[in-house]
Structures are given as C-alpha cells and as structure tokens.
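>>> need a structure here:
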Amino acid sequence: AALGCLPPSAEPRATESVGDMVAMIESLIERGHAYRAANGDVYFDVSTFDRYGELSNRNPEDLRAGARVEIDEAKTDPLDFVLWKAEKPGDPSWDAPFGPGRPGWHIECSAMSTRALGPTFDIHGGGQDLQFPHHENEIAQSECATGHHYVNYWMHNGFVRINEEKMSKSLGNFFTVAEVMRQYHPEVIRLFVLSSHYRSPLNYSDQNLDAARASLTRWYTAIKDVPQNGIPIPAVMARFHAVMDDDFNTPEALAIVFEQISELNRSKDANCAATIQAIGEILNLGQHDPQSFLQWAPASQNQLSDEAIEQKIAERAEARANKDFAASDRIRDELLAAGIVLEDKAGQTTWRRG
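Modelled structure (predicted):
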C-alpha cells in the first residue's frame, strides 16, 4: 500500500491515532532512540540508526555539513528530527507522558502504516520529493520503534508536468482526475499514465491524451471482430512479465501489446487477440465492450447523441435501398464532419466516434 501523509500543519483526525503515535514515541524513548529537549520537544536521535541516508543514497556527514538549525530548536544533532512538538498557545494539543503538545509530521505515517499493515509491508510509494527527508525519517523511526524491517520495496514517482512545466497550485496549472474525465475516457487516462515509466516525469497535454485516445481506439478496433476463443501466446506473455518485473516497465509492456495489435490486424489470429486480452486484464486496459468504447463521448462536449446517429444511419439505409446514392453519401459526409465514422460490413452498418 502506498501511504499518504498529512502535512505538518494538519490536525490528526482522531484521538485514537494520536494514541498510536504517542505509543510509538514512548517506545523510541525507552529504546534510547529519542530524547526530550530543553524546550519540551521530543527528537529522534539519528546517530542511533546506522542506515540513515541509505534510501536516498546520502551520507549523514555530508548532510550534517549542510544542515541548518533554527534558533528555537534544541536538538543535539542537526539531523535529528522532531517527533513531538511541545504545546504552544493557539496550537492543537494532546496530553502525553512526555508533555502536552502535538505530533510531528513524520511520526504519523509510521504509526498509521504499522497499525494498518503491521511492522513490515511490501510497497510504499510517494513522490520523489518525499524520499528525503520524509521517507528516510519514516524508516529510521519505524525500524527503531518496532525492531523490524519497515518496507521491502520503495516506489518514488516522477512529477506531473503541464506542457513541460511542473504542475502546482501556485502556478495555476493544477487539475484533478475528475476534471480530465469530463474530456477523456478513464481508460485513455490510464493508458496515458502507463505510457511513461512511473519514475519519469509525466507530461500532461491535450496532444498526449489525444495520442493515447487514438492508440486505445486502435486497440479496440483491432479486437472487436476477432473470435474470443484463442489462448495467450506463452512466449509473448513471458516477455510481458519480464519487462513488468523490471521495475514496472509499463512503456515497454505497452510496446509488446501494440506489436501484437499490429500482428492481429494482419492475421486476425485468435491467439493473438487472447494475448492482448490477457495483458489488458493485468494493466486494466481494453476491458470494455469494443463498440461501447468506440461510441463513447465526453458528457462535457456538445456532440450528436447515439439516438441522433442511429436515426441518420436509418435514413442512409433507406436512401441506399431507394438507390439514392447522392443522399446516402451526403449523410455519411455529414456524420464524418461530426466526428462519426461509419463502417459497412456484411450488410450491417456500425459506427464509432473518430
């Protein structure tokens, strides 16, 4: 589980959670890993944890040389970090054996994860900016409090960028997934995200999302008329698992899928289609009815309704039956101008949004 943490100024949501943090701080004090300073704050003693800096590949001595200690801090080492802030007028406060006050930022995440997942769990994620000092501090306080290895795998994601500029509220280029889904199908957004490695920057732009939509349209178009009675190709599945085992290399995994899509367009091989479906189930892509996806339209856009399109198709069929091919062609062109592509096959007409 990738755990989120409250910012330093946020008030913990429940007294019970504060109790977990107090208990963890007490354990650290008892084990000699924390101390109460002259100003009433409780600090973690970094010198008692010899693996500090290992996650971010930092040398503690180099960190000490560049560290800055604020005037009101009473820590004994520049790298020591606060576990509990002594009570100040106007601040939220809870009682604790080491004095009334409030938890520091880092301790909440350790208490939360230990309570929910136990002293050791597999995957912890977060942005690259949290690797140091936040995650380093989490590791130190968690392992010293519990005596167990904290996390088996760390995954630090790259930042989202808007047209090559970092996304942030201060720059006014901030958006939410809900806002993007008003314009793009959720699977399009997923394909867009998976197209970049999770540790790389993700550049958000309409052009990149449009490219993801075109790619997914190609995916669904390829599989929609192929019998679903094939068996995934073992050699291709082995390649897929190998690249996913290589630090979740989703861009390379998608390259394998689109190799298979190209092959499927040539061969119409049911085993090829089954391979695409098997990989899609793992990546949670290609999981909708093809026709439903190809006809999907964002609610925020003023587009022809499904009913209006079907009515136009019926009018075109009538014109063709009456050998009025000029009218038939006009209706097709009108729909194409509205972004609707007609496909005539075996006496039936289907449509998709272009």
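
>>> next secondary structure after the host helix or strand of residue 108?
Taking DSSP states H and E as the definition, residue 108 sits inside helix 105-117. Note on helix 105-117: by DSSP H and E, the next helix or strand toward the C-terminus is strand 121-127.

>>> domain ranges for this structure, per the record?
Using automatic domain parsing, the domain parsing of the chain gives 15-157, 164-292, 306-353.

>>> can you redo those as CSV with mean pLDDT and mean neighbour count?
To be clear about C-beta, it is placed using only N, CA and C from the backbone, and glycine gets the same treatment. Converted to CSV, those look like this (pLDDT from 0 to 100; neighbours: other C-beta atoms under 10 Å):
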stretch, mean pLDDT, mean neighbour count
domain 15-157, 93, 17
domain 164-292, 93, 16
domain 306-353, 90, 14
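
>>> including distance to residue 298, could these go into a markdown table?
Formatted as a markdown table, those follow (distance: least, C-beta to C-beta, whole Å):
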| stretch | distance to residue 298 |
| --- | --- |
| domain 15-157 | 27 |
| domain 164-292 | 5 |
| domain 306-353 | 10 |
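
>>> which secondary structure elements does the helix holding residue 108 sit against?
Judged by 3 or more C-beta pairs under 8 Å, 6 or more residues apart in numbering; DSSP states H and E, helix 105-117 is in contact with helix 15-30, strand 81-86, helix 136-146.

>>> quick check: angle from that helix to helix 15-30?
110 degrees (axes from the mean of the first three to the mean of the last three C-alpha atoms, to 10 degrees).

>>> hang on, the earlier thing: okay, the helices and strands packed on helix 105-117 in CSV with distance to residue 263 next?
Below are the helices and strands packed on helix 105-117 laid out as CSV (distance: least, C-beta to C-beta, whole Å):
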stretch, distance to residue 263
helix 15-30, 53
strand 81-86, 55
helix 136-146, 46
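
>>> beta partners for the closest residue to residue 91 other than its chain neighbours?
Of all residues not flanking residue 91 in the chain, residue 102 sits nearest, at 6.1 Å (C-beta to C-beta, 6 or more residues apart in numbering). When assigned by DSSP bridges, residue 102 has beta-bridge partners residue 85.

>>> how close does residue 102 get to residue 135?
Remark: distance between residue 102 and residue 135 (C-beta to C-beta, to the nearest Å) = 22 Å.

>>> same question, residue 328
64 Å.

>>> what do you get for residue 106?
Applying C-beta to C-beta to residue 106 and residue 135 gives a distance of 9 Å.

>>> please apply the same query to residue 264.
On the measure of C-beta to C-beta, residue 264 and residue 135 end up 43 Å apart.

>>> what of residue 178?
28 Å.

>>> other residues contacting stretch 317-325?
The contact list for stretch 317-325 (C-beta atoms under 8 Å, 6 or more residues apart in numbering) reads 327, 328, 331, 349.

>>> try it again at 10 Å.
The contact list for stretch 317-325 (C-beta atoms under 10 Å, 6 or more residues apart in numbering) reads 316, 326, 327, 328, 329, 330, 331, 332, 344, 347, 348, 349.

>>> from what I can see the third one touches residue 316, true?
To tie it back to what came earlier, the one meant is residue 327. Yes - assessed by C-beta atoms under 10 Å, residue 327 is found in contact with residue 316 at 7.7 Å.

>>> nearest residue to residue 294 other than its sequence neighbours?
residue 352 is the one closest to residue 294 (C-beta to C-beta, 6+ apart), at 3.6 Å.

>>> beta partners for that neighbour?
Under DSSP bridges, the beta-bridge partners of residue 352 are residue 341.

>>> residue contacts, it?
217, 220-221, 224, 290-291, 293-296, 339-343.

>>> for residue 198, same thing?
Residue 198 neighbours (C-beta under 10 Å, 6+ apart): 125, 155, 156, 157, 158, 247, 248, 249, 250, 251.

>>> can you pull the phi/psi pair for it?
The phi/psi pair for residue 198 (degrees, to the nearest 10) reads phi -60, psi -20.

>>> that older thread, sort out for me which of the contacts of residue 198 are in helices.
250, 251 (DSSP state H).

>>> could you dump the contacts of residue 198 to a markdown table with distance to residue 91?
Compiled in a markdown table, the contacts of residue 198 are given as follows (distance: C-beta to C-beta, whole Å):
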| residue | distance to residue 91 |
| --- | --- |
| 125 | 30 |
| 155 | 34 |
| 156 | 31 |
| 157 | 32 |
| 158 | 35 |
| 247 | 42 |
| 248 | 41 |
| 249 | 46 |
| 250 | 44 |
| 251 | 46 |
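
>>> which one among the contacts of residue 198 gets closest to residue 75?
Checking these against residue 75 by C-beta to C-beta gives residue 156 as the nearest, at 26.7 Å.

>>> roughly how far apart are the closest one and residue 134?
Distance, residue 156 to residue 134, using C-beta to C-beta: 11 Å.

>>> where do the contact lists of those two overlap?
126, 127.

>>> once you drop chain neighbours, what's closest to residue 196?
residue 202 (5.0 Å).
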